[in-house]
Structures are given as structure tokens and as C-alpha cells.
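[1] mind looking at a prediction? Sequence and model below.
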Amino acid sequence: MHIKRKSEYINIMIIPDSKHEVKSIKINKSIFKVTIATSMVILAGLFSTIFYFAGTYTYLYATIKEKDKIISLKDQKIYQISNIKKSQDEKIAMLNDNAKKVNEKIKSLDDLEQKVRRMVGLNPQETSRGGITRDSRKLTYDDKTTNELANEIDNKTNDYKNLINDISNRLDYLNSLPSSYPVSGNITSKFGGRTSPYGENSEFHPGIDIAVGYGTPVKAAGKGIVSYAGWLSGYGNVVMINHGYGITSVYGHNSQLLVKVGQAVNRGDVIAKSGSTGRSTGPHVHFEVRLNGNPVDPMKYLSN
């Protein structure tokens, strides 16, 4: 019996266009199957590789994005910190300027205070700051506080200026007062009622008489302007000084006058030489003080 065996080959026919012959390729079935299987394995491996790299790429991409996000956040944080530092630096610079401004104000105030103290003869070491320190490290004020303090110091400065003006006026008044004896000698006749040296009748004596030798320098009792220098009945050669504040001093019976009307004099300046001119019984200085034209007791002004 003849058994027909199955063909072990596969014929693949290639039919081109009409101008070419039909081609036939014979492939062994076993080889074909192996080739198909191998191709499937290769494709499976290829797809697996593609999926693997795709997954890896996705993971790496996500990781990189996350890191970029973290880096971006860090950059933002660094930027914020830089801005904060810049703001703090500007704040420190502002505070330093404010401290400098306050120090300048306080120094100006100190100068005024020292001027006042010198005017009234106080020891500069006794200066009181009133709780204000000149240490710029402690003067860390914001704009509002600094401006308030500066205004307060300005007000205090104005107070000091007013005080200086008041003290200056007071010193001028004190310097103008006829508080110094015009000569040094014995007082032979006081202010007020007395027995007349020319008889036993009583009379009002508008000043004091100070006995001195002939030609003794007569000095101004206080600062002022010479308002009269010449002969006056009863007073002889007389000098009158207007001290301001309604006060006038009178120096009578001089032998010689050394000043002129309108001349400014200070306390202690020599204005005449003593004598016995006018209604006088001997060399002496008649000294009067008049307040608003009325004679007052010179002893109320003269220093002891």
C-alpha cells in the first residue's frame, strides 16, 4: 500500500504585474514555524522593552518634574529670604538715619543747655538728660516714634531758647541795676529826713552821701547810658545814667566829669572824679537812685 505523505514545505507565490513572471518561494514548514515563533518572541521582547522604557521615562519625567518643582520652591524661598534681607537692611539703614537725626537733635539741645548753664554759672557736669540717652545703639525708633521724639525735642529746644531769652533779659536787668557803690567810704548822710547841714531845719535827703578824698574816681553803679553830664543847681557837676527799666542813678558834687551824654557805660567804669561842687560842705559823692523819676533809697539796690 502506498501512503501519501503531507508536504513538508509551504509555497509562497509572488505575483508581480503582467510584465513579470510569477515567482514561487518554497519554505520548510519547520523553519517557517520557528521563524514565526522567533518573530513573536522578538516582538514580545520589543514591546516589553518599549513598555519598560516608556514606564521608566514616565517615572523619570515625573521625578524630574518633582525635583524641578522642589527646586522652584527653593528658588522662591531664596527669593523671599533675599527680599526679607533687603527689607531688613533698608530698615536698619532707616533706623541708623533716625538715630543720627535724634543724636543731632540731642546734641543741639545739649549745646543750648550748656549755654544756659554757663549763663547762670552752673557746673556743666550737672547736666541732666531727662532720661534721653545719646547712645545711637539704643535709638532704634521707627519713623513715627522718631518724628514724635524729634517734635518733642524741637518743643524743648524752643523752651530753652525762650529760657535763654528770659535769662538774657534777666542778666541785662541785673547788670543794669545800680547795685555797686560808686566809691568806697563812710556814709555820712542817709536817704530820707535829716537835719540840714546849713542849719537846724529838717529836710528830705533824696540819696546818700559818701565821704571820700578830693579827686577820688567815681564809678558807674550799673550798666547804662549817660543821660546827663554837666552842671545842675545844688548838685554841682553831676552825671546821670539811665539804666533802663525806669531806673536812673545820679552822681553829684564832682570836680571833673569824664563821660558825655549818650555814652554807654558798664558797672565799674570811671565816670567822674569826686569833689565838692554845688551845695556841699566838703569832698564827697552824693548818690541817688530814681525809679520812674522818683527818688528811692539806694540801699535797696546796693550790695552789702
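    Arrived safely, thanks for sending.

[2] show me what the lengthiest helix in the chain packs onto, helices and strands only.
    Within the chain, and with DSSP state H defining each element, the longest helix by residue count is helix 29-120. On a contact count with 3 or more CB pairs under 8 Å, 6 or more residues apart in numbering; DSSP states H and E, helix 29-120 meets strand 9-14, helix 143-176. Just so you know, the C-beta spots here come from the backbone N, C-alpha and C atoms, and that holds for glycine as well.

[3] ok, 6 Å please
    Contacts defined by 3 or more CB pairs under 6 Å, 6 or more residues apart in numbering; DSSP states H and E place helix 29-120 against helix 143-176.

[4] buried ones in the helix it packs on?
    Burial within helix 143-176, assessed by neighbour count using 16 or more other CB atoms under 10 Å, is assigned to Thr146, Leu149, Ala150, Ile153, Lys156, Thr157, Tyr160, Leu163, Ser176.

[5] what packs against it?
    Using 3+ CB pairs under 6 Å, 6+ apart as the contact criterion, the neighbours of helix 143-176 among helices and strands are helix 29-120.

[6] now do the helix it packs on against helix 143-176, angle only.
    10 degrees (axes from the mean of the first three to the mean of the last three CA atoms, to 10 degrees).

[7] shouldn't His286 be within a strand?
    Yes: with DSSP: H, G, I helix; E, B strand; the rest coil as the criterion, His286 is part of a strand.

[8] quick one: secondary structure of the residue nearest to it when sequence neighbours are not counted?
    In space, His286 comes closest to Gly252 once its chain neighbours are excluded; the distance is 3.7 Å by CB to CB, 6 or more residues apart in numbering. For Gly252, the secondary structure call by three-state DSSP comes out as strand.

[9] determine the number of other residues adjacent to Gly252.
    The number of residues packed around Gly252, counting by other CB atoms under 10 Å, is 27.

[10] how far away is it from Asn83?
    As defined by CB to CB, to the nearest Å, Gly252 lies at a distance of 88 Å from Asn83.

[11] same check on Pro283?
    Computed with CB to CB, the distance linking Pro283 and Asn83 is 94 Å.

[12] out of these two, which sits in the more crowded spot?
    Summary of the neighbour comparison: Pro283 and Asn83, criterion other CB under 10 Å, with Pro283 having more neighbours (18 against 10).

[13] coming back round to it: quick one, what contacts the residue nearest to His286?
    Going by CB atoms under 6 Å, 6 or more residues apart in numbering, Gly252 touches Tyr235, Val238, His286.

[14] ditto for Gly278
    The neighbours of Gly278, taking CB under 6 Å, 6+ apart as the test, are Gly234, Tyr235, Gly236, His253.

[15] by neighbour count, which of those wins?
    With neighbours defined as other CB under 10 Å, the most crowded of the contacts of Gly278 is His253; it has 25 neighbours.

[16] surely it meets Gly282?
    No: counting by CB atoms under 6 Å, Gly282 is not a contact partner of His253; they are 9.2 Å apart.

[17] which residues are in contact with each of the two?
    Shared contacts of His253 and Gly282, defined by CB under 6 Å, 6+ apart, are found at Ser276.

[18] next one: Gly244 from Asn162, what distance?
    21 Å.

[19] give me the below-cutoff pLDDT ranges for the stretch 151-300 of the chain.
    Within the stretch 151-300 of the chain, the stretches falling below the threshold (pLDDT under 70) are 197-200.

[20] cutoff 80 now
    Scanning the stretch 151-300 of the chain with the threshold set as pLDDT under 80 gives 151-153, 155-157, 159-160, 163, 194-201.
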